[in-house]
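S.K.: Following is a predicted model, sequence given first.
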Amino acid sequence: DQQVKQNSPSLSVQEGRISILNCDYTNSMFDYFLWYKKYPAEGPTFLISISSIKDKNEDGRFTVFLNKSAKHLSLHIVPSQPGDSAVYFCAATFSGTYKYIFGTGTRLKVLA
Amino acid sequence: GAVVSQHPSRVICKSGTSVKIECRSLDFQATTMFWYRQFPKQSLMLMATSNEGSKATYEQGVEKDKFLINHASLTLSTLTVTSAHPEDSSFYICSAQTEETQYFGPGTRLLVL
């Protein structure tokens, strides 16, 4: 039972344009969400997070939006750069626990 | 940011042998560390939660006698894959918990022949 889903396995975007990565979850008890970036044969790197009390969090080129009613979050990268090419994982967790549930990942390719 | 290392980065072993993977938090102390496993093109699956000074907590379906976890200090957790078989071949990643988030190690690629 996949509680966190990333339905797009891959995405290609032109350099300078916006990349939008989507993530859906099924458990309404999740109250903290994170995005990680991963290069091949490396561990994930933390990008940005959002608490369920917010609907938006921004950090430089990265913005995460949370729609609790739709159980959906998205990561916006603008402008996209070739160095952003990687696999992006969303993760969800509950307050009081450190256990993260990861999505299956979306491979982003930014074309120069 | 916080740095987590893993050793070895890559290991090839014969079926039936045991392999130990180390996970270290280099510039911070971590009471809690996690071990994940990732199959190709799949998500990171949590295997177990490693707590310093106590027994690890294993996720459903993970054999605790096969995947031995020791969290002997606030900066080191080890995962030992005992009597490894080819189906244990995978990418193993550890993470260390801080107040803000989990920081991940670079992963260990295990190939069992």
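M.R.: Now that the structure is in, tell me what you want to look at. The structure presented is a predicted model; accordingly, all values stated were derived computationally and were not measured.
S.K.: count of neighbours near B:K14?
M.R.: Using other Cβ atoms under 10 Å in any protein chain shown, B:K14 has 8 other residues around it. For the C-beta atoms, the positions are set from N, CA and C on the backbone; glycine is no exception.
S.K.: I'd like to know how far B:A48 sits from B:A84.
M.R.: Distance of B:A48 to B:A84, computed by Cβ to Cβ, to the nearest Å: 17 Å.
S.K.: Which pLDDT value belongs to the residue of chain A found nearest chain B?
M.R.: Using Cβ to the nearest Cβ, the closest approach of chain A to chain B is made by A:G43 at 3.4 Å. For A:G43, the pLDDT comes out at 86.
S.K.: residues from chain B in reach of chain A?
M.R.: Residues of chain B lying close to chain A by Cβ under 8 Å from any Cβ of the partner chain are B:1, B:4, B:6, B:32, B:34, B:41-46, B:49, B:91, B:93-95, B:97, B:101-107, B:109.
S.K.: switch the cut-off to 6 Å
M.R.: B:32, B:43-44, B:93, B:97, B:101, B:104-107 (Cβ under 6 Å from any Cβ of the partner chain).
S.K.: Between those, which sits nearest chain A?
M.R.: Ranked by distance to chain A (Cβ to the nearest Cβ), the residues of chain B next to chain A are led by B:F104 at 3.4 Å.
S.K.: list the contacts for that closest one?
M.R.: By Cβ atoms under 6 Å, 6 or more residues apart in numbering or on different chains, the residues touching B:F104 are A:43-44, B:93, B:95.
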